[in-house]
Structure formats: structure tokens, C-alpha cells
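Peer 1: need a structure here:
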Amino acid sequence: MLETPGDNQRLADAVSWFREFGCLVALDDFGTGYSNFERLLELTPDLVKLDRSLIQRAVEEHAEGQRRILNNLVALIHEAGSLVVLEGVETEHQALTALDADVDFVQGFFFARPTLVGPQSPPDLGLEPLRQITEKFTEHALEELTQERSFLRPYGQAFLRAAARLEAGTGLHDSCADLLKMPYVQRCYVLNGRGEQVDEHVLPKRCGYSADPATATARDRLFAQVPDQRYRPLIDTQGGNWLRRHYYRDACMELRRLKVSRPYRSSTGNHICVTLSIAETPPAESSPYVLCCDLLWRPTDS
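Peer 2: As a prediction, this is how the structure comes out:
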């Protein structure tokens, strides 16, 4: 179904009419023009075909943000109940990006050129490129997983030592002193059984506001973690409630087990982070507390 402006009710009626005949409904060119979230919610299509501009932007140099948008867009469409088709896949890079985004179907010259399909057509038309790119994606994904584990391992070990000291009665700042010396640690804080942040968070010394913002470059802020002064009003999260965050809920589901969140946009600065979390139940207490530590994520991609 091509999207054009017009009577929304007539469009919905037409979709219902086709569905009565057992047809599947596909929404074309999603992400441009009239093919948008409003149509997705109104028509609940069976398939959504993403516009080629999305994959083109996602493979541009320094386009990590665009890739995250594509991945999350696909996840959102799946949550809405539709399968996802990605058109315009013409290069190996685009094919790998499509697989990483978890699309269901792909279309493009990378796999095959337009051709007539008949009794004489090869039975494996387009399958060999798909097999090869899937194998390459698997190797790439496993290598990336190994790198992520290697990056997180020392932080996880230091975090667990901090959690043990905190459980033994040491204060938050002293418990996390060694952890706070590690290069990509953003902050440490404790949440109570209601998801509320208890007292102040603790920051690495390098995050102090004594740094002169006039001399702190963008690279300084990213790698040395001098806070961007524009986000200073957001830095104090004391009393905030993080019950809605998965890192809190996941930790509470399994006490004394280290949890690592998926990467997400921090609410206290202009960066992507992951959160380490672990839930403990103090003696004579019925509800747990959760120790959390935010890390700057994938600094080499920024």
C-alpha cells in the first residue's frame, strides 16, 4: 500500500476490505512523507517496508547515532506487531547493518538483480549472497561480543568489590573509591526498594566542576569526562525515581547477580552509557537496595 494524502477513514475501510479477503497489508516507504507512525498505529499493517534512505544514512561515516535509530525503529515496529522489510540494500556494509538491525526481510541489488522467475530460474537465486553475509555477520557479531566482554570485565570485577564493601557497612564513597578511578566510570549511586535514589551520587574527581569549561574541548568532555556545562542542571539526580529503568528491575529479579543494561542515552549528559547494577537485601530488611554504576559506552565509536 502506497501512502498518499486523503481521507483517512476511506483508507482504513479499504484496508479492512482487503483483510476480509485474507490479504496481508504492507505499508511502503515508512519513514518518509505520509508513511509514518500515525499510519502504523491506525492501520496496524502486517508488514512495514522501510524507506531506503534509512539504510543509506545508517552506513555513513560516524553514523553510530543513525544506526541506533534504525535498530530501535525496527524494534518499535516489531512491538507494534508488524514484520519489517528493508529496501535498497546494495552493499555488504548495508547488508551487515540490516542484519544487525534485526529486520525480517531485505530487498536490494546486493542479493540479486531484478529478473523473471520461472521454471528455468535457479532454485537458489539470491541465497548464496545471503548465506555469505550471514556467515560474515556471525563472525563480526561474535568478535564484537568478545570486545564488549573484554571492555566490561574489569569494570564488573571492580563493581562487585564495591558492592561487597557496601554490604559490609562501608560508605558509598569509600566503597566505590577504586571503581571511581577507572577511566569511563560516570557515577555511582544507590536506589532503595522503591527505585528512589538514596542520598547523593558519587562522581570521579575528574568530573568536578572546578574544570574551566572555556578550556575543556569536546574530546576532553568525552574522554576525560569533564561535564558539559550545558547539562549541569541535570547532574543532580538525588531523590529521583528510577523504578522504570530496566537495570533496576533486572537487578531486583535476581539478588546478588551483576546486571548490565543495554546502551541508552544518559539523562545527565550528552552521551550513551550502560549501567551496572546489583541488588542486595540488608539484614532485617524486606526490600532490597540496588547499587548502580553508569559507564560511558563504546567510547571508540564516538
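
Peer 1: Within the helices and strands, which one has L243?
Peer 2: Secondary structure assignment for L243, by DSSP states H and E: no helix or strand.

Peer 1: Okay, now the unreliable bits of the protein?
Peer 2: Along the chain, the parts satisfying pLDDT under 70 run over 1-7, 33-35, 123, 206-228, 284, 298-302.

Peer 1: And it, what are its domain boundaries?
Peer 2: Structural domains assigned to the chain are 8-109, 142-301, following automatic domain parsing.

Peer 1: end-to-end on the shortest one?
Peer 2: Terminal residues of domain 8-109 are spaced 34 Å apart (CA to CA, to the nearest Å).

Peer 1: how about the closest residue to A112 other than its chain neighbours, phi and psi?
Peer 2: Excluding its sequence neighbours, the residue lying closest to A112 (CB to CB, 6 or more residues apart in numbering) is G126, at 3.9 Å. C-betas here are computed from N, CA, C, even on glycine. Note on G126: backbone dihedrals following degrees, to the nearest 10 are phi 80, psi -10.

Peer 1: Give the burial count for G126, as a bare number.
Peer 2: By the other CB atoms under 10 Å criterion, the neighbourhood of G126 contains 16 residues.

Peer 1: got it, and V84?
Peer 2: 22.

Peer 1: likewise the one 10 residues further on?
Peer 2: Residue neighbour count, defined by other CB under 10 Å, stands at 21 for Q94.

Peer 1: residues touching it, list them.
Peer 2: By CB atoms under 8 Å, 6 or more residues apart in numbering, the residues touching Q94 are 55-56, 58-59, 88, 108, 110.

Peer 1: out of those residues, which is most surrounded?
Peer 2: I55 (27 neighbours).

Peer 1: Chain neighbours aside, what residue packs nearest to it?
Peer 2: Nearest non-adjacent residue to I55, counting by CB to CB, 6+ apart: Q94, 5.1 Å away.

Peer 1: That neighbour is in what secondary structure piece?
Peer 2: Residue-wise, Q94 maps onto helix 92-100 under DSSP H and E.

Peer 1: after that helix comes which helix or strand?
Peer 2: Later in the chain than helix 92-100, the nearest helix or strand by DSSP H and E is strand 105-106.

Peer 1: Direction included, what does that next one pair against?
Peer 2: Strand pairing for strand 105-106, using DSSP bridges, gives strand 83-86 (parallel).

Peer 1: sorry, back to before: for the domains of the chain, which one sits closest to K136?
Peer 2: domain 8-109 (6.8 Å; CB to CB).

Peer 1: And what about A279, helix, strand or coil?
Peer 2: strand (DSSP: H, G, I helix; E, B strand; the rest coil).
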